[in-house]
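In: predicted model and sequence below, questions to follow.
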Amino acid sequence: MQKSSNVVWQEQKVNRQDRERLNGHGSVVLWFTGLSGSGKSTVAHAVEERLHGYRCRTIVLDGDNVRHGLCGDLGFSIDDRHENIRRIGEMAKLFLDAGVISLTAFISPMCSDRNRVRELIPDGEFLEIYCKCPIEVCEERDVKGLYRRARVGDIKEFTGISSPYEEPEKPELTIDTHELSLEESVEQVINLLHDRGVLREEKVSTAAGS
Ligand SMILES: Nc1ncnc2c1ncn2[C@@H]1O[C@H](COP(=O)(O)OS(=O)(=O)O)[C@@H](OP(=O)(O)O)[C@H]1O
Ligand SMILES: Nc1ncnc2c1ncn2[C@@H]1O[C@H](COP(=O)(O)OP(=O)(O)O)[C@@H](O)[C@H]1O
């Protein structure tokens, strides 16, 4: 994997702690996973909006968008998905160092790929959030019409139909998007951030009062 030689790690003058102090909040990776149509993007963007209201520095990395640029050379074979998630993991790590709360919305169907990202990130700072939703419901939602196209064979290797999805074994949070409203789903994520000490009480009360 490491092809470049003669490279030496450059130490930083400003480190992650300095950046977090400036931001007034800790950084963390919120890793949303789930079937297409399970609600990853909807919840991630709604959480980002809430966090923005709390004056937090955030970024949403979304599968569809990243595949227009950084990962535009990748398809949907298991190998390409593996490389996709590896790149996103490295990117999430950079944002963590930048003191930013990153929210990633990728199907990331394989446990091994998600666990590899978890291992890249310091303990407790990779929070896996499973958007749980029966495939029948995702298919009924068919937000982009892709399930219909996959059923007629127009799209190959479609997650849940002709390509596997492995449920997380021990996610930090499971959001049942079939049972919960969007607001309830967002609340669960915000509570998780409080529980993990990423959001401090005074930050929230300031934001609520402003
Ligand atoms: N074959 C196939 N399988 C699954 N999804 C497909 C496929 N082809 C295109 N799309 C669209 O690409 C989005 C998933 O990209 P990801 O980068 O999240 O996939 S992965 O994590 O590498 O598995 C996914 O976005 P979401 O619906 O938001 O999940 C789809 O819109
Ligand atoms: N609790 C919920 N959380 C998220 N999305 C929900 C919820 N309930 C219904 N939905 C709907 O489900 C769809 C999810 O689509 P999307 O966010 O694009 O999924 P994904 O990013 O996983 O492909 C949206 O149309 C959204 O309005």
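Out: That came in fine, so what should we check first? For clarity, every value in this text was computed on a predicted model and none was experimentally measured. Numbering: from 1, shown residues only. Ligands and ions are numbered 1, 2, ... in the order given.
In: from ligand 1, how far out is the residue of the chain at minimum distance from ligand 2?
Out: Per Cβ to the nearest ligand atom, residue 39 is where the chain lies closest to ligand 2, at 2.7 Å. For glycine as for every other residue, the C-beta is placed from the backbone atoms N, C-alpha and C. Separation of residue 39 from ligand 1 (Cβ to the nearest ligand atom, to the nearest Å): 9 Å.
In: what's the local residue count around the residue nearest to that residue when sequence neighbours are not counted?
Out: Closest residue to residue 39 apart from its sequence neighbours, by Cβ to Cβ, 6 or more residues apart in numbering: residue 177 at 3.8 Å. Residues near residue 177, counting by other Cβ atoms under 10 Å, number 25.
In: which residues touch residue 177?
Out: Counting by Cβ atoms under 8 Å, 6 or more residues apart in numbering, residue 177 touches 34, 38, 39, 43, 131, 132, 133, 185.
In: mind doing that once more with 10 Å?
Out: The contact partners of residue 177, taken as Cβ atoms under 10 Å, 6 or more residues apart in numbering, are 34, 37-40, 42-43, 130-134, 137-138, 141, 184-185.
In: which pLDDT value goes with it?
Out: Note on residue 177: pLDDT of 98.
In: name the helices or strands packed onto the helix or strand where residue 79 lies?
Out: Using DSSP states H and E, residue 79 maps to helix 78-97. Under the contact criterion of 3 or more Cβ pairs under 10 Å, 6 or more residues apart in numbering; DSSP states H and E, helix 78-97 touches helix 16-23, strand 28-33, strand 58-62, helix 63-66, strand 101-105, helix 111-120, strand 126-132.
In: and that helix, what's buried?
Out: Neighbour-count burial for helix 78-97 flags 81, 82, 84, 85, 86, 88, 89, 91, 92, 93, 95, 96 (criterion: 16 or more other Cβ atoms under 10 Å).
In: the fourth one against residue 110, yeah?
Out: This means residue 85. Yes. Counting by Cβ atoms under 10 Å, residue 110 is a contact partner of residue 85 at 7.6 Å.
In: joint contacts of the two?
Out: Shared contacts of residue 85 and residue 110, counting by Cβ under 10 Å, 6+ apart, come down to 33, 116.
In: which one is residue 141 nearest to, not counting chain neighbours?
Out: residue 37 (4.7 Å).
In: re earlier: of the contacts of residue 177, grab the buried ones for ChimeraX.
Out: Filtering those down to the buried ones (16+ other Cβ under 10 Å) takes a single ChimeraX command:
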select :34,37,38,39,40,42,43,130,131,132,133,138,141,185
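In: now, the contacts of residue 177 that are in strands?
Out: 130, 131, 132 (DSSP state E).
In: what is the burial count for the residue in the chain that ligand 1 sits nearest to?
Out: Per Cβ to the nearest ligand atom, residue 63 is where the chain lies closest to ligand 1, at 2.6 Å. Here the number of neighbours of residue 63 (other Cβ under 10 Å) works out to 20.
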